[in-house]
Every structure is written in C-alpha cells, then in structure tokens.
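Q: Output the structure for:
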Amino acid sequence: METFFEKFGIWAPILFIIFQIIQVILPVVPGAIGCLGGILIFGPIYGLIYNYIGICIGSIATYSIARNYGTSFISFLVSKRVRLKYQEWVNHRRFDFLFTLAIFSPIAPDDYLCFLAGTTKMKYLKFISIILVGKPLPITIYSFGLEWIFRQIILWL
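A: Residues are numbered from 1 along each chain as shown. All right, here's what the predicted structure looks like:
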C-alpha cells in the first residue's frame, strides 16, 4: 500500500483520503487496512488526520446515500444477518442515543450504522455532530491498536 501511494507524491494524502471515503461507502475493503495504512504510510499524526478526514466524509456520504436511496441500496451492500441484527435499533425510541454510543466505540459496525441512521428521522446536523465528535477516539484506538499488533507480529516473525 505504501509503495502505491509513494508514486503520487504530494497527491498521496488526497488519494488516501479518497480511498478511506470509498472504503466506508463500499465496505469491500476492511476498515482496518485503511486505518493501519494511514499510520504506517504517513506517520502517527498525519496518518490519524487523514484517517479521520476520510472516514468522516465517508460516513456523512453513507448517511446521505441512505437518506436519498433508502434501504434498497443498503440491501445491496450489507448482509441480511447484519441488517436484521441492527434493524431493531431503528424502531427503538432511543436510536440517537444508541447510535452515538456505537460511534464512540471502536468495534461497532460504523459504516452500516451510518447507512442505518440515514433511514431514520435523525437530522443531518445531529448526525454530522455525532460523527465529528465521536470518531476521533475510536479511530485513534483502532489505528494505534492495529499498528501495535502489526509491530508485534513483525517482531515475532
């Protein structure tokens, strides 16, 4: 991944952010790869910043897509098992609270939950506020946790 982005010089950060946006919208690439890649390619500070920017923009885009296209688009991207598991959240009167807790967690299926939020009555401003405030901690934990695990594996090998 680093070799790929090195070719683009000063454009590498922008391409990486676009990669992160796409991996949130089309979850065919595990988010772990992008988070770890950001830290390893750009260093701890810039890697974290680029991860945050890309993931936040991607999250807002998924919300907007779901808001405009509804559950039919979500059905195309997300397994039925995951949809059924979290569908009851939509019907819960405290969805906004549950969503906020999940966004602050580094292990929640954020991409899908952002799609799901787009099918509720949650307002754009509230969604964006939750994402911008809630994402830094889990992205930091996830990115640096994965980097630590990666480094341990390298030492072990």
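Q: So, low pLDDT: which residues of the protein?
A: 1-2 (pLDDT under 70).
Q: what ranges do the helices span in it?
A: For the chain, applying DSSP state H gives helices covering 2-6, 12-25, 31-42, 44-69, 71-77, 80-91, 95-103, 110-118, 124-134, 136-156.
Q: Redo these as CSV? Include mean neighbour count.
A: In this view, the C-beta of every residue, glycine as well, is placed from N, C-alpha and C. Formatted as CSV, those follow (neighbours: other Cβ atoms under 10 Å):
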stretch, mean neighbour count
helix 2-6, 12
helix 12-25, 20
helix 31-42, 22
helix 44-69, 20
helix 71-77, 14
helix 80-91, 12
helix 95-103, 18
helix 110-118, 24
helix 124-134, 15
helix 136-156, 15
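Q: for the closest residue to Q20 other than its chain neighbours, what are its contacts?
A: Once flanking residues are discounted, Q20 sits nearest to G54: 2.4 Å by Cβ to Cβ, 6 or more residues apart in numbering. With contact taken as Cβ atoms under 8 Å, 6 or more residues apart in numbering, G54 is in contact with F16, I17, I18, F19, Q20, I21, Q23, V24, G34.
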